[in-house]
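Chemist: sequence and predicted structure, then a few things I'm wondering about:
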Amino acid sequence: MVEVVNSGDAFSMRLPPTPDGVRLARVAVGERVEEWGFGAHVPAAVLVTSELVSNAVRLAPRTVRLDLDATDRTVRIAVRAEGVPFGNADPPPRDVAEQMSLAVVAAFSRKWGLQRGRDGHDMMWLELGGSE
């Protein structure tokens, strides 16, 4: 159950919430980031994608959604665990593994954040490349 939408400088993929989904995300991100001319950022992009998708899989969603887009200087990666709405409740506390994972994301990203979508699903996003 993998869905892919690829349109030039935008890419979207729905993945199964499994270790195979994490692998598929890493491969797709590496290919797109290289294709878009950000070859120097491929290792970081693959690493942070692995961290974000792994965290999403741990939430046991129905699917994981991966969105990528690029400008002339920046690649944006966003991951959302679909089917795990938190509604008005606070998100679950972060365990040590998730804290370490977020430290990796922060270390390799130009900018990053967590935002709650209108549908109630949390989305983690980050940017690579560009300058402040």
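Modeler: It's in.

Chemist: verify the stated contact: residue 47 with residue 104.
Modeler: Yes: look at residue 47 against residue 104 with Cβ atoms under 8 Å: they come within range, at 6.7 Å. Heads up, the C-betas are built off the backbone N, CA and C, glycines and all.

Chemist: now do the helices in the protein.
Modeler: Remark: helices assigned in the chain by DSSP state H are 19-35, 42-58, 96-108.

Chemist: single out the most deeply packed of the ones you listed.
Modeler: Comparing the helices of the chain on average neighbours per residue, with mean count of other Cβ atoms under 10 Å, the densest one is helix 42-58 at a mean of 21.

Chemist: now the worst-scoring helix or strand of the chain on mean pLDDT, how far from the centre of its chain.
Modeler: Taking mean pLDDT, DSSP states H and E as the measure, the chain has strand 3-7 as its least confident helix or strand, at a mean of 74. Distance of strand 3-7 from the chain centroid (Cα atoms, centre = their mean, to the nearest Å) equals 15 Å.

Chemist: one more: stretch 53-63?
Modeler: Centre-to-centre, stretch 53-63 and its host chain are 11 Å apart (Cα atoms, centre = their mean).

Chemist: mean pLDDT for the helices of the chain: which is lowest?
Modeler: Among these, helix 96-108 carries the lowest mean pLDDT, at a mean of 80.

Chemist: what lies in contact with it?
Modeler: With contacts defined as Cβ atoms under 8 Å, 6 or more residues apart in numbering, helix 96-108 is touched by 44, 47-48, 51-52, 54-55, 58, 94, 112, 124, 126, 128.

Chemist: now stretch 49-58
Modeler: 15, 17-19, 21-22, 25-26, 29, 64, 66, 77, 79-81, 98, 101-102, 104-105, 124, 126.

Chemist: what does stretch 27-37 give?
Modeler: Here stretch 27-37 makes contact (Cβ under 8 Å, 6+ apart) with 4, 6, 9, 11, 13, 39, 41-42, 45-46, 49, 66, 68, 70, 75, 77, 128.
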